[in-house]
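> Sequence first, predicted model second:
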Amino acid sequence: MNALIFPGQGAQFVGMGKDLYDNYPLAKELFEKANEIVGFRITDIMFSGTDEDLRQTKVTQPAIFLHSVILSKVLGDKYKPQMVAGHSLGEFSALVANGVLSFENGLSLVLKRALAMQKACELESSTMAAILGLEDEVVEKICADIPEVVVPANYNSPGQLVISGSIKGIEIACEKLKEAGAKRALPLKVGGAFHSPLMDPAKIELAQAIETTPFSEPICPIYQNVDAKPHTNSNDIKKNLIAQLTSPVRWTQIMHNMISDGATSFTELGPGNVLQGLIKKVNRDMEVESIQSI
């Protein structure tokens, strides 16, 4: 059984999606529709902008979504999903691929999410750090003992956990985690503390948009970030999507669950190949491929 997986923020690169635009009329039509929906020519930034322009949250999130979703539309039935998942932002791409969200509604929600997160980041200085080489339980315990906001944010693979919180909290946590034996504790260049309680203002804003957006029944299960379990009920999917902004991404658990439920191969659709590498850390024998262009 093939599982389709979709990347999140950080996978972007200048030039992403240009070959699709140039070679496939369907892709060109969808990219132009996207320019209208976002209200500026996002294609100009994606195809030939600067890295800095592309790093703005209001550009990055819709850009990655567009690359992943338009790629999956052009591929069509060649990669008909039997199960899907997406890392953080990638969950929205996965929901378009499995028929829950329309292209237009998916893009509108991603844009609202990006703007709401940007706003939440401006309210309070915050950041994230990648912790390598420690058991998840050790990281969880140390974070829980710090008198600042610091929480596990991304369970990426065994021995790789990203934490999220206030700037002071992340500084203290990195020191304590190194003392506890972490191989690395690397502060990340991000705009804020994603997947932490500091994203609460964004969650409230996004909840309203999600509640009023029509969700269809999926053609296959989506394994959601919040609980790593397969979901097919559109009301449950909505609730989990709202909770996602302040909850950790349980990617390691998602991979284990998909493999247990019969996934024999994984196809990563969209920019980069980060997820392909993470799967290999969970199960090195798994067949994986990454498609960025056709």
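Nice, I can see it. The structure presented is a predicted model; accordingly, all values stated were derived computationally and were not measured.

> can you tell me how far the residue lying farthest from the centre of the chain sits from I172?
Computed with Cα atoms, centre = their mean, the residue of the chain farthest from its C-alpha average is E179, at 30.2 Å. From E179 across to I172, the span is 11 Å (Cβ to Cβ, to the nearest Å). Yep, even glycine has a C-beta here, placed from its N, CA and C like the rest.

> One more: E32?
In terms of Cβ to Cβ, E32 sits 48 Å off from I172.

> Show me which of those two is the more surrounded one.
Neighbour totals were compared for E32 and I172, and I172 leads with 19 against 12 (other Cβ atoms under 10 Å).

> who's in contact with stretch 37-45?
Residues from elsewhere that reach stretch 37-45, judged by Cβ atoms under 8 Å, 6 or more residues apart in numbering: 17, 21, 31-32, 34-35, 53-54, 59, 62-63, 66, 104, 107-108, 111.

> ok, back up a step: how far away is the residue farthest from the centre of the chain from Q160?
E179 sits 19 Å away from Q160 when distances are taken as Cβ to Cβ.

> cool, and S93?
Distance of S93 to Q160, given as Cβ to Cβ: 22 Å.

> In terms of neighbours, single out the busier of these two.
The neighbour count for S93 versus Q160, taken as other Cβ under 10 Å, is higher for S93 (31 against 21).

> Of all the residues in the longest helix seen in the chain, which ones are buried?
For the chain, the helix that runs over the most residues, judged by DSSP state H, is helix 103-123. Residues of helix 103-123 classed as buried by neighbour count (16 or more other Cβ atoms under 10 Å): 103, 105-118, 120-121.

> Check stretch 220-237 too.
Counting neighbours by 16+ other Cβ under 10 Å, one finds that the buried residues in stretch 220-237 are 220-231, 234, 237.

> Name the surrounding residues that touch it.
Applying Cβ under 8 Å, 6+ apart, the external contacts of stretch 220-237 come out as 81-88, 91, 94-95, 98, 100, 215-218, 240-241, 243-244, 247-251, 253-254, 256-258, 261.

> Which members of these occur in helices, if any?
E91, A94, L95, N240, L241, A243, W251, Q253, I254, H256, N257, M258.

> which one among those gets closest to A129?
Distance to A129 across these (Cβ to Cβ) is lowest for W251, with 16.7 Å.

> these two touch, right, that closest one and L278?
Yes. Judged on Cβ atoms under 8 Å, W251 makes contact with L278 at a distance of 6.4 Å.

> Need the residues touching each of those two.
Contact criterion Cβ under 8 Å, 6+ apart; residues shared by W251 and L278: N156, S157.

> pretty sure V162 is in a strand, no?
Yes. Counting by DSSP: H, G, I helix; E, B strand; the rest coil, V162 is located in a strand.

> Tell me where the model's unsure across the stretch 1-150 of the chain.
By pLDDT under 70, the stretch 1-150 of the chain contains no weakly predicted segment.

> circling back: which one of the contacts of stretch 37-45 is nearest Q208?
Ranking these by separation from Q208, with Cβ to Cβ as the measure, puts S108 on top at 12.6 Å.
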